[in-house]
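**Q** curious how this folds, go ahead:
(one chain, ligands or ions: 1)
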Amino acid sequence: MIDVAVITLFPGFFSGPTGVGVVAKAVQTGAMDLSFINLREYGIGVHRQVDDAPFGGGAGMVLMPGPLADAIESRLDTHKVLLTPAGRPLRQSTLDRLAGYEALTLVCGRYEGVDERFVEEFVDEEVSLGDFVLAGGDAAALAVIEGVARLLPSVLGNPRSLDNESFRDGLLEEPQYTRPAVFRGRSVPEVLVSGDHGRIETWREAQRVERTRERRPDLLA
Ligand code: ADE
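**A** Down below sits the predicted model:
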């Protein structure tokens, strides 16, 4: 069982997506314990303030270290991850590694950033969903939750389905086809209905390499 807690200003953001599919299955089977810590409850004063203007000036607001420190206090013995566009990019290898922890705490950044002293004091690693800026780390935390949930042994229906997937061998997946054999005048590639498993695997490998060369040459470099 992996224990995952999310520190967020928007716990409601997660209620739909974590109630369906692999995440719901992980929670229902007891493979994942998923909980939410509402940062607002640790805010300061009657307004439960969690952010303030940046020292040195500049646009936007910065999450104050105090409320975050109080919110994470019950999770000090877990692996603590801050979701921020300034983090290391999330990769399949990141998810493989995160799925191995007993307990994770995912801290969702908001506004222009998070006070660096909180990061220095509490955060074990910073992770980014990619080279773009969202309104906060919540969507990135959701990606981590789903990416980890599907790796948990009791959640995975057919363990072989992880073998060939994109990124595990450093290549994109080949195109896939199912019935009908002809759809709107387009036939399934002949090799796939040949019954020749050697030819099929050769074709699939060539498709993976070709797709990767075309779409993600960085993966081949
Ligand atoms: N918060 C805002 N943008 C983000 C990103 N790309 N990854 C992680 N957290 C974020």
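
**Q** quick one: whichever helix or strand residue 93 is part of near the ligand?
**A** Assigned by DSSP states H and E, residue 93 falls within helix 92-98. No. Using C-beta under 6 Å from any ligand atom, helix 92-98 stays clear of the ligand, coming no nearer than 12.0 Å. (Glycine included, C-beta is placed from N, CA and C.)

**Q** buried set for the helix or strand following that helix?
**A** The C-terminal neighbour of helix 92-98 among helices and strands, as given by DSSP H and E, is strand 103-108. Burial within strand 103-108, assessed by neighbour count using 16 or more other C-beta atoms under 10 Å, is assigned to 104-108.

**Q** same check, this time on stretch 115-126
**A** 115, 118-119, 122-123, 126.

**Q** which members of those additionally contact the ligand?
**A** For the ligand, no contacts are drawn from these by C-beta under 6 Å from any ligand atom.

**Q** in helices, which of the residues you listed fall?
**A** In helices, defined here by DSSP state H, the members of those are 118-119, 122.

**Q** can I get these in a markdown table including distance to residue 3 and pLDDT?
**A** Output for these, formatted as a markdown table (distance: C-beta to C-beta, whole Å; pLDDT from 0 to 100):
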| residue | distance to residue 3 | pLDDT |
| --- | --- | --- |
| 118 | 22 | 98 |
| 119 | 22 | 98 |
| 122 | 17 | 99 |
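
**Q** residue 69: what's it in contact with?
**A** 118, 121-122 (C-beta atoms under 8 Å, 6 or more residues apart in numbering).

**Q** quick check: residues of the protein near the ligand?
**A** Counting by C-beta under 6 Å from any ligand atom, the chain sits next to the ligand at 83-85, 109, 128-130, 132-134, 136-137, 140.

**Q** buried subset of the residues you listed, written for ChimeraX?
**A** Listed next is the ChimeraX selection for buried residues among these, using 16+ other C-beta under 10 Å:
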select :83,84,85,109,128,129,134,136,137,140
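
**Q** redo the residues of the chain next to the ligand as TSV? Include pLDDT and secondary structure.
**A** What follows is the residues of the chain next to the ligand, written out as TSV (pLDDT from 0 to 100; DSSP: H, G, I helix; E, B strand; the rest coil):
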residue	pLDDT	secondary structure
83	98	strand
84	97	strand
85	96	strand
109	92	coil
128	98	strand
129	98	coil
130	97	coil
132	96	coil
133	94	coil
134	96	coil
136	97	strand
137	98	coil
140	98	helix
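
**Q** can I get the residues of the chain next to the ligand in TSV with distance to residue 198?
**A** Formatted as TSV, the residues of the chain next to the ligand follow (distance: C-beta to C-beta, whole Å):
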residue	distance to residue 198
83	44
84	47
85	45
109	50
128	41
129	39
130	38
132	42
133	47
134	45
136	50
137	47
140	42
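
**Q** give me the neighbour count for the residue nearest to residue 58 when sequence neighbours are not counted.
**A** Leaving aside its sequence neighbours, residue 58 sits nearest to residue 112 (C-beta to C-beta, 6 or more residues apart in numbering; 7.2 Å). By other C-beta atoms under 10 Å, the residues close to residue 112 number 14.

**Q** looks to me like residue 72 is in a helix.
**A** Yes. Applying DSSP: H, G, I helix; E, B strand; the rest coil, one finds residue 72 inside a helix.

**Q** return the residues in contact with it.
**A** 7, 37, 80, 105, 107, 122.
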